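> Take this sequence and fold it.
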Amino acid sequence: MNTGKLFEYLIIIPIVNKIAVRKKIRGVPDLNRTFPKHNFKSACHPLSRAVFELAREHQPVWYVDLHEANGLSGIHPRSLGQTLIVNPRSKAIPAAKRMIRRLNTSIKKASIHFSLLQRELPGSGRSAAYHLLHSNAITVETGIGLPLKLRISYQMNILRSILREAGLLKRRRESQNSDKLK
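Model (predicted):
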């Protein structure tokens, strides 16, 4: 899904709310409810404001928000663990479906397969990036009850897929074929 834009930046913010992560809590307030909901509005928390100002300055083609959730969507449909979440009518939906299809072929247990959820969440970084910056915005929710090494592996595979969708990373076959031509 290369938009023809010149890609200059890959911005990675590993942890936004270090205090909440250290305490293993969601955080008060939940930062993912404090992003701007309308144009010309500012985020209501200094951390979400800083993240969104950075995004607004660089106008990302893709906005990816990595989260971890309790439960597994394959076992409890209301749980968010193992989901990719996009806004309804988002141009990122086909890419998210491709990512899920590829990822799930490598996951033997159906209960930990990824699923797609299309939903608005006003105040979330994803919804703000989608509506206000017109980014392909996606939230990746891995199941926090799964081993850390496995969650990181899933997140890395999804990020590689997004980089391929953005035209920033070649597929292995493409890379191997271009190496043969050298």
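
> got the buried residues for the helix or strand hosting Asn157?
Counting by DSSP states H and E, the element that carries Asn157 is helix 148-165. Judged by neighbour count (16 or more other CB atoms under 10 Å), helix 148-165 contains these buried residues: 151, 154-155, 158-159, 161-165. Bear in mind the C-beta positions are built from the backbone N, C-alpha and C, glycine included.

> in terms of contact, does Ile138 touch Ile93 like I think?
No: judged on CB atoms under 8 Å, Ile138 makes no contact with Ile93 at a distance of 9.4 Å.

> quick one: which of those two has more around it?
Remark: of Ile138 and Ile93, Ile138 carries more neighbours, 26 against 17, as counted by other CB atoms under 10 Å.

> Provide the strand pairings for the strand or helix carrying the more buried one, with the direction of each partner.
Applying DSSP H and E as the criterion places Ile138 in strand 136-143. Applying DSSP bridges, strand 136-143 is found paired with strand 62-69 (parallel), strand 83-86 (antiparallel).

> Now render the buried residues of helix 148-165 as CSV, adding distance to Leu80 and pLDDT.
Listed next are the buried residues of helix 148-165 as CSV, based on distance: CB to CB, whole Å; pLDDT from 0 to 100:
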residue, distance to Leu80, pLDDT
Arg151, 13, 95
Tyr154, 14, 96
Gln155, 14, 95
Ile158, 15, 95
Leu159, 18, 93
Ser161, 19, 92
Ile162, 19, 91
Leu163, 24, 90
Arg164, 25, 89
Glu165, 22, 86
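
> ok, so of those, who is nearest Ser42?
Taking CB to CB as the measure, Ser42 sits nearest to Ile162 out of the buried residues of helix 148-165, at 27.4 Å.

> For the closest one, give me its contacts.
Applying CB atoms under 8 Å, 6 or more residues apart in numbering, we find Ile162 in contact with 62, 64, 95, 99, 138.

> can you do 10 Å?
Taking CB atoms under 10 Å, 6 or more residues apart in numbering as the definition of contact, the neighbours of Ile162 are 1, 61-62, 64, 92, 95-96, 99, 136, 138, 140, 168-169.

> Give me the distance between it and Ala96.
Here Ile162 is placed at a distance of 9 Å from Ala96 (CB to CB, to the nearest Å).

> Overlap in contacts, those two.
136, 138, 140.

> and of those, the nearest to Val21?
Taking the shared contacts of Ile162 and Ala96 together and measuring to Val21 by CB to CB, the closest member is Val140, at 16.1 Å.
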